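>>> Sequence and predicted structure, then a few things I'm wondering about:
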Amino acid sequence: MPPRRSHKKSRAGCRRCKARKIKCDEVHPRCGNCVKHGVACDFEHPEVLADLQAAAAAAQTPSTPATTVNFGSPIVPSAGSLSIASAPLTRSLPAPPMSSTTAPGHRLLELKLMHHYTVLTCKTFTFTAPVTEDIWKITVPNLAFSGSQHLADSILAVAALHLRSINPNDKEIVRASHAYMAASLEEYSATLNQGINHTNAEALFLTAALIAFQSTATRVFMKDEGLSIGTSSLTSPKPRSHHQAQAGCYAIPFTWFHSFQGVKAITAASWQYLRVSPVVTQVINSQAALQLDFRTGPETFFGHLLEGLEEELASPHPTGLDARVPLTSRPLPPRDSPETISATRQAYQHAVAVLNWAHKIPHKGAPLAFPATVSKRFIELLEERRPRALAILACFFALLKSLDGVWWLQGMARREVLGVVSLFNSDFFGPDAYRKWWPHLEWAMRIALYEHTPHHAGGGRGDGTAEGQGTGQMPIPPEIWGSDWFAEERALAEQGREQGDYFGHIELLSQMSSAVNSIPTVPEYAAMMAGARGMR
């Protein structure tokens, strides 16, 4: 057994960490553990710790009136143990004067974040729809100030994440991004549990959108330490062993789909209120109209992704089984039911139709509609690691190359496409999978590896100069991309909106979900944030 590494012991940690018997990072004015758990730190407020035991006892007494006070913490704590070590200071304490409840440093941080949001961050939401800039810059903050704590916290979280992209080594900003989003998620969940109504529907929709944005953008800061593709060309790297595949394989960013599906669910569940909201209708109307072509032949650009689908569905067993189980020892699964086969066919056809539409107008932000519009069955197919679903996923990520200048999408196409392709180079599907699926992956690889210089949107110096306010788009030559963006845009405009738009799509979703009483759950953000904390 190797000897334990020596470490320096310190008695200078905060008393809360000492009581919990965990290591304190001794960061002032609030240590990292107190920020993480949403409790006050005696570094910041040494005078309040003496009241902690009394506060905990009072909170356990039903007859004690509860007055919520926040001692400079951006976190709204969850109900839990009321031990001295973990009792939140937001319970049952008499409200002191404002000057003593919020540290000056914390107030300055929030001012800094809100200023950054209104000057720069909000512009990065509207690079494809400038008409909504005033909504995100003025209307959304005012709605938050009117009493929506979850919306206010999500604004601060997104602003902190944007600042982190500019100053990645600023630990205070990193912690603020995590803490404010955790606070927003908790309050958001509590509001959902109370029910959606005409007074909170707008704020819930906007918060869900910001949560989805944060879930997506955080991927930029994550590391797949085990992912070693080792290729910069359109040739296949050598297949890795199963041990290597298990130890360090690419992880599909399901948070993209869960969070955007959450926005879709919230929208459908509250559509009776949102459809008459001038704020929400303007945001929705600013998006490119969905004009889906469900032809399955080779005449569509991504029609090749459906080749062999009927033969696959007719086979006794599906392909692309659980990659965590060795190929030689996987039990054969039961044959899919007719209902499942039909749902699978529709999921693939719909996903490819969305790709074909987005491929025509990527500069309008169309690729970003993919995670929200695909069906739940398609997400299940991704979870099952079906090769066809993975090939479709690779093409989706390749479409993001057109938005490579947007700060939260920079490098995303290259990283994710190479990651997806690496799954075909393991023993996930056997030695012939890469050879079989390469014709369907070649375009995605070519686009992912294409070198160009996009105009930046909200990146660069972040100081409001031209570098920080560009469009985020750079047309890729038609001979590389496979079509002329602007010619396709004109053609779609001539066709009009007869094939459907987002309003019609949402109306249908609302009707389909009208009989469902369950409220959408908070996106699976905790696991993502746990991974992102490794970037500190």
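Done, it's in.
>>> Tell me which helix or strand comes right after the helix or strand that contains Trp438, heading toward the C-terminus.
According to DSSP states H and E, Trp438 maps onto helix 433-448. Next in sequence after helix 433-448, counting helices and strands by DSSP H and E, comes helix 478-481.
>>> what comes into contact with that next one?
Contact with helix 478-481 is made by His359, Ser402, Arg446, Ile447, Tyr450, Pro475, Asp484, as judged by Cβ atoms under 8 Å, 6 or more residues apart in numbering. Using the backbone N, CA and C atoms, a C-beta is placed for each residue, glycine as well.
>>> Contacts only, for the fifth one.
Looking back up the chat, that one is Tyr450. Lys401, Ile476, Ile480.
>>> One more: the fourth one?
If a contact means Cβ under 8 Å, 6+ apart, then Ile447 has Ala398, Leu399, Lys401, Ala413, Val417, Ile476, Ile480, Trp481 as its contacts.
>>> any idea how far the last one lies from Ala366?
Distance, Trp481 to Ala366, by Cβ to Cβ, to the nearest Å: 13 Å.
>>> So between the two, which is more surrounded?
Just comparing Trp481 and Ala366: by other Cβ atoms under 10 Å the higher neighbour count belongs to Ala366, 26 against 22.
>>> Spatially nearest residue to the more buried one (excluding sequence neighbours)?
Ala358 (3.9 Å; Cβ to Cβ, 6 or more residues apart in numbering).
>>> repeat for Leu210
Using Cβ to Cβ, 6+ apart, the nearest residue to Leu210 is Ser154, at 4.0 Å.
>>> What about Val406? Give its phi and psi, please.
When read as degrees, to the nearest 10, the backbone of Val406 gives phi -80, psi 130.
>>> Was I right to think it contacts Phe125?
No. Here Val406 lies out of contact with Phe125, judged by Cβ atoms under 8 Å, at a distance of 10.0 Å.
>>> between those two, which one's more packed in?
Val406 (27 against 22).
>>> can you pull up the bridge partners for that one?
With beta bridges defined as DSSP bridges, Val406 has these partners: Ala457.
>>> which residues of the stretch 1-150 of the chain score low on pLDDT?
Residues of the stretch 1-150 of the chain meeting the criterion pLDDT under 70: 1-10, 29, 35-103.
>>> could you redo the last one with a cut-off of 90?
Scanning the stretch 1-150 of the chain for pLDDT under 90 picks out 1-107, 124-133.
>>> picking that back up, let's have the contacts of helix 478-481 in a markdown table, adding distance to Ala314 and pLDDT.
Putting these into a markdown table (distance: Cβ to Cβ, whole Å; pLDDT from 0 to 100) gives the following:
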| residue | distance to Ala314 | pLDDT |
| --- | --- | --- |
| His359 | 29 | 91 |
| Ser402 | 36 | 90 |
| Arg446 | 32 | 94 |
| Ile447 | 32 | 94 |
| Tyr450 | 37 | 90 |
| Pro475 | 42 | 72 |
| Asp484 | 38 | 69 |
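>>> Mind checking which of those residues are buried?
His359, Ser402, Arg446, Ile447, Tyr450 (16 or more other Cβ atoms under 10 Å).
>>> quick one: which two of the contacts of helix 478-481 are the most distant?
The distance between the two most remote of the contacts of helix 478-481 (Cβ to Cβ) is 17.1 Å, for Arg446 and Asp484.
>>> how does this protein divide into domains?
Domain segmentation of the chain under automatic domain parsing yields 10-70, 103-222+253-282, 287-495.
>>> Taking helix 433-448 as reference, get the angle to the helix or strand containing Gly419.
Using DSSP H and E, Gly419 maps to helix 412-424. Helix 412-424 runs at 170 degrees relative to helix 433-448, counting by axes from the mean of the first three to the mean of the last three Cα atoms, to 10 degrees.
>>> still on that earlier bit, if you compare the domains of the chain, which one is most tucked away?
domain 103-222+253-282 (a mean of 20; mean count of other Cβ atoms under 10 Å).
>>> Leu400 contacts Arg414, doesn't it?
No. With contacts counted by Cβ under 8 Å, Leu400 stays clear of Arg414, the gap being 9.5 Å.
>>> Which is the succeeding secondary structure element to the host helix or strand of Gln272?
In the assignment (DSSP H and E), Gln272 maps to helix 271-274. Next helix or strand after helix 271-274 toward the C-terminus (DSSP H and E): helix 278-285.
>>> just checking, what packs against that next one?
The elements that helix 278-285 packs onto, with contact taken as 3 or more Cβ pairs under 8 Å, 6 or more residues apart in numbering; DSSP states H and E, are helix 201-217, helix 502-513.
>>> mean pLDDT for those: which is lowest?
Confidence, taken as mean pLDDT, is least for helix 502-513 of the helices and strands packed on helix 278-285 (a mean of 51).
>>> Name the nearest of the contacts of helix 478-481 relative to Ala389.
Nearest to Ala389, judged by Cβ to Cβ, of those is His359 at 17.8 Å.
>>> Let me see the contact set for the closest one.
His359 sits next to Phe301, Phe302, Leu399, Trp481, Gly482, Ser483 when contact means Cβ under 8 Å, 6+ apart.
>>> any idea how far it is from Pro367?
From His359 to Pro367 the distance is 8 Å (Cβ to Cβ).
>>> and for those two, which residues touch both?
Leu399.
>>> what's the helix or strand hosting Ser165 packed up against?
When elements are assigned from DSSP H and E, Ser165 belongs to helix 149-166. Packing partners of helix 149-166 (3+ Cβ pairs under 8 Å, 6+ apart): helix 104-119, helix 140-145, helix 171-194, helix 201-217.
>>> Would you reformat the contacts of Tyr450 as JSON lines and include pLDDT?
Formatted as JSON lines, the contacts of Tyr450 follow (pLDDT from 0 to 100):
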{"residue": "Lys401", "pLDDT": "93"}
{"residue": "Ile476", "pLDDT": "83"}
{"residue": "Ile480", "pLDDT": "85"}
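>>> Of the residues you listed, which is the nearest to Phe254?
Lys401 (21.3 Å).
>>> roughly how far apart are the closest residue to that closest one other than its chain neighbours and Tyr450?
For Lys401, ignoring the flanking residues on the chain, the nearest one in space by Cβ to Cβ, 6+ apart is Ala413 at 3.9 Å. The gap separating Ala413 from Tyr450 is 9 Å, by Cβ to Cβ.
>>> Now list whatever residues contact both of the two.
Listed as contacting both Ala413 and Tyr450 by Cβ under 8 Å, 6+ apart are Lys401.
>>> that older thread, hang on, isn't the residue nearest to Leu210 packed against Ala182?
No. Ser154 is not in contact with Ala182 according to Cβ under 8 Å; the separation is 10.7 Å.
>>> Could I get the CA-only coordinates of stretch 301-321 as CSV?
Provided in CSV are the C-alpha atoms of stretch 301-321 (Å, rounded to 0.1, in the frame of the first residue of the first chain):
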residue,chain,number,x,y,z
PHE,A,301,-29.3,16.3,-48.0
PHE,A,302,-29.4,14.0,-45.0
GLY,A,303,-31.6,11.3,-46.5
HIS,A,304,-28.7,8.9,-46.5
LEU,A,305,-29.0,8.7,-42.7
LEU,A,306,-32.2,6.7,-43.2
GLU,A,307,-30.7,4.2,-45.6
GLY,A,308,-31.4,0.6,-44.4
LEU,A,309,-33.8,1.8,-41.7
GLU,A,310,-36.6,-0.6,-42.7
GLU,A,311,-34.2,-3.6,-42.8
GLU,A,312,-32.9,-2.6,-39.3
LEU,A,313,-36.4,-2.3,-37.9
ALA,A,314,-37.4,-5.7,-39.4
SER,A,315,-34.4,-7.5,-37.9
PRO,A,316,-35.0,-9.7,-34.8
HIS,A,317,-32.9,-7.5,-32.6
PRO,A,318,-31.9,-3.8,-32.6
THR,A,319,-28.4,-2.7,-33.2
GLY,A,320,-26.3,-0.5,-30.9
LEU,A,321,-26.6,-2.1,-27.5
